[in-house]
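Novice: Provided below for reference: sequence and predicted model.
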Amino acid sequence: MPEVTIRQDDLSGAAIQALVALHLGGMHAHSPACKVHALPLDALRAPGVTFFSAWVGDDLAGMGALKMLAGDHGELKSMRVAPQWLGQGIGKAMLRHLLATAWAMGMARVSLETGRGAAFEPAIALYRAHGFVPCGAFADYVVDDFSQCLTLAL
């Protein structure tokens, strides 16, 4: 695995904006329109959302965000690895960073919503490998034939 630096990001750089756009495009390509819950730039800058970028040297390698929900519950948002860095441990590094950040912020549980199908399987495998288990719907999500929710007690 390459040496990864993860830092809080204000989403002002062209590279991170392009990765967010790639993520949104991918979610629209692989999800029914009413099931795209990926956040655009403005929503990733909202209060209660902490956004991070992952770098290998000067190359943007990935991104992820942590959204504070009610009480001690957090949500993972916008996890994405840049295409040229897939399969090199960037997602794992980002997930571990987000979970450590959630713990440091006093969260007792972290959840996420994701889709079903081949496009989502690598991410689901990563989450399950780190202890995430299926759960009922949370926040405004609905679990159905496409959407599923996973959670992890910290």
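Specialist: Thanks, I have it.
Novice: pLDDT of the longest helix along the chain, averaged?
Specialist: Of all segments of type helix in the chain, defined using DSSP state H, the longest is helix 14-30. Confidence over helix 14-30 (mean pLDDT, whole number) is 97.
Novice: what helices and strands are in contact with that helix?
Specialist: Packed against helix 14-30, as judged by 3 or more C-beta pairs under 8 Å, 6 or more residues apart in numbering; DSSP states H and E, are the following elements: helix 41-44, strand 59-68, strand 73-81. All C-beta spots, glycine's among them, are computed from the backbone N, C-alpha and C.
Novice: ok, and what's touching that helix?
Specialist: By C-beta atoms under 8 Å, 6 or more residues apart in numbering, the list of residues contacting helix 14-30 from outside reads 9, 11, 36-38, 40-41, 44, 53, 60, 62-63, 78, 80, 82-83, 115, 117, 119-120.
Novice: again, 7 Å this time
Specialist: Residues from elsewhere that reach helix 14-30, judged by C-beta atoms under 7 Å, 6 or more residues apart in numbering: 9, 11, 36, 38, 40-41, 44, 53, 60, 63, 78, 80, 82, 115, 117, 119.
Novice: narrow these to just the buried residues.
Specialist: Listed as buried from the contacts of helix 14-30 are 9, 11, 38, 44, 53, 60, 63, 78, 80, 82, 115; burial here means 16 or more other C-beta atoms under 10 Å.
Novice: and the strand or helix carrying residue 103, what does it pack against?
Specialist: Element membership of residue 103 [criterion: DSSP states H and E] is helix 90-104. For helix 90-104, the elements it packs on are strand 5-8, strand 49-56, strand 59-68, strand 73-81, helix 121-129, judged by 3 or more C-beta pairs under 7 Å, 6 or more residues apart in numbering; DSSP states H and E.
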